[in-house]
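[1] Structure of the sequence below:
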Amino acid sequence: MENHAEPLATASSDPSSFLSEIIGGPIVVKLNSGVEYRGELSSVDGYMNIALEKTEEYVAGRLRNRYGDVFIRGNNVLYISQG
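    Numbers count the residues shown, from 1 in each chain. Coordinates of the predicted model:
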C-alpha cells in the first residue's frame, strides 16, 4: 500500500524563511525560563538569534520591563510566534 500524503515540510514552513518574511512586524518570543518578550522583529540569523525593537518583558504574564532594543540568543528560545 502506497502513501500519497504530501510532505509536511515545505520551503514556506521553514522557520528561518517565516521569520525573514515578518521582519518589522510584532512577535512574541518565549524563553525556556518562561519569560516572554514582545516586540518588533528587527533581525534573525541562521542560529535563530533574534534582535527586537520596542520590547516588553513579561514574567508570569505580567509586564516587568520595557526595553528599546533586545538581543536574544537562539539557544534560549522555546518558541516564536507572530504577535
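[2] Leaving out chain neighbours, which residue sits closest to R64?
    Excluding its sequence neighbours, the residue lying closest to R64 (CB to CB, 6 or more residues apart in numbering) is E57, at 4.8 Å. For glycine as for every other residue, the C-beta is placed from the backbone atoms N, C-alpha and C.
[3] for L52, same thing?
    That would be G39: by CB to CB, 6+ apart, it lies 3.6 Å from L52.
[4] How about P26?
    G83 is the one closest to P26 (CB to CB, 6+ apart), at 3.8 Å.
[5] OK, contacts around that neighbour?
    Neighbour list for G83: 25-28, 38 [criterion: CB atoms under 8 Å, 6 or more residues apart in numbering].
[6] Distance-wise, check it relative to P15.
    16 Å (CB to CB, to the nearest Å).
[7] what does S33 give?
    The value you get for S33 to P15, if CB to CB is used, is 20 Å.
[8] And the strands in the chain?
    Using DSSP state E, the strands found in the chain span residues 26-31, 36-44, 50-59, 62-72, 77-82.
[9] what about these, which gets the closest to L19?
    strand 36-44 (4.5 Å; CB to CB).
[10] Quick check: neighbours of that closest one in the sheet, parallel or antiparallel?
    strand 26-31 (antiparallel), strand 50-59 (antiparallel) (DSSP bridges).
[11] now the ones you listed in JSON lines, with mean pLDDT and distance to I72?
    Output for the strands paired with strand 36-44, formatted as JSON lines (pLDDT from 0 to 100; distance: least, CB to CB, whole Å):
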{"stretch": "strand 26-31", "mean pLDDT": "96", "distance to I72": "6"}
{"stretch": "strand 50-59", "mean pLDDT": "97", "distance to I72": "5"}
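[12] would a markdown table of those strands with distance to N75 and mean neighbour count be doable?
    Below are those laid out as a markdown table (distance: least, CB to CB, whole Å; neighbours: other CB atoms under 10 Å):
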| stretch | distance to N75 | mean neighbour count |
| --- | --- | --- |
| strand 26-31 | 10 | 17 |
| strand 50-59 | 11 | 17 |
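[13] Looking at the contacts of G83, spot the one nearest R73.
    Out of the contacts of G83, the member with the shortest distance to R73 (by CB to CB) is I27, at 15.8 Å.
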